[in-house]
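Asker: just to be clear, the model below is a prediction. Sequence and coordinates:
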Amino acid sequence: MRPIELISFDAEGTLVTPDFSETIWHEAIPALYARNNGLDLAQAKKCVTEEYNKIGVHRLEWYDIEYWFSCLDLGSSEPVIRSCLSKISYYPEITQVLSSLAGEYKLIVASGTPLELLHCLLRDIKPYFARIFSSISHYRQVKTPDFYLRICEEMGVKPAQVIHVGDNWQFDFLNARQAGLNAFYLDRSGEDHQESLGDLTQLKHFLIPSA
Ligand SMILES: [Mg+2]
């Protein structure tokens, strides 16, 4: 029996480039904040970044765009999200990797991004995935070991039958590994790839071709 049944991908930094998120969080939101508060853009960026840092990546609010629009008093998030959609882009190997894996394995997305943004980010590649999981929207947590166990349960597989790959050392690698998944750390910038993948084409070295 082939051990791997399911391949799970992080979204941002793994499938989708950071362009959309960087634009929304570090350009569009500060620009709106600057306009509403009579600040110049540099001042607004500083204020908004300070607010982000007060919360930090381990708290759920960090990921919640509605929280930030309300906290910074920015009105509706929808037009701002819409204005950034043209920034969504995928890493160059994605289509080839996903189409070659999709015939052999079940593919899912396991992301810390809330669904309202995740659906935008994945809009052109959604058909490759059997399910899209957002730790925040579905389970009110960051990507903890528990999140990965719940996904396995949902998908009816054992952790050892799952590969997860992502670009965050803690949330994608350590936490998935702690849950018993076969975790791979994706380091697109690094040069030493003995312990990590440089891009997603390298996943195939860890998959045994079916007979
Ligand atoms: Mg990521």
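Answerer: Arrived safely. Predicted model only: the values in this text are computed from it and were never measured. Residues are numbered from 1 along each chain as shown.
Asker: when you work out contacts or count neighbours from here on, use the C-alpha atoms and nothing else.
Answerer: Will do.
Asker: quick check: Pro79 vs Arg123, distance?
Answerer: Using CA to CA, to the nearest Å, we find Pro79 at a distance of 17 Å from Arg123.
Asker: where along the protein do the helices fall?
Answerer: 19-23, 29-37, 41-55, 65-71, 78-84, 94-102, 115-121, 135-139, 145-155, 175-178 (DSSP state H).
Asker: so which of these is nearest the ion?
Answerer: The ion sits nearest to helix 19-23 of all the helices of the chain, at 10.9 Å, using CA to the ion.
Asker: tell me if that closest one is near the ion.
Answerer: No. Helix 19-23 does not reach the ion (CA under 5 Å from the ion); its nearest approach is 10.9 Å.
Asker: what's the mean pLDDT across that helix?
Answerer: Averaged across helix 19-23, the pLDDT comes to 96.
Asker: can you pull the alpha-carbon coordinates of it into PDB?
Answerer: Coordinates of each C-alpha in helix 19-23 appear next as PDB, following Å, rounded to 0.1, in the frame of the first residue of the first chain:
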ATOM      1  CA  ASP A  19       2.300  40.300  -3.400                       C
ATOM      2  CA  PHE A  20      -1.400  40.400  -2.600                       C
ATOM      3  CA  SER A  21      -0.900  40.300   1.200                       C
ATOM      4  CA  GLU A  22       1.900  42.800   1.200                       C
ATOM      5  CA  THR A  23      -0.200  45.200  -0.900                       C
END
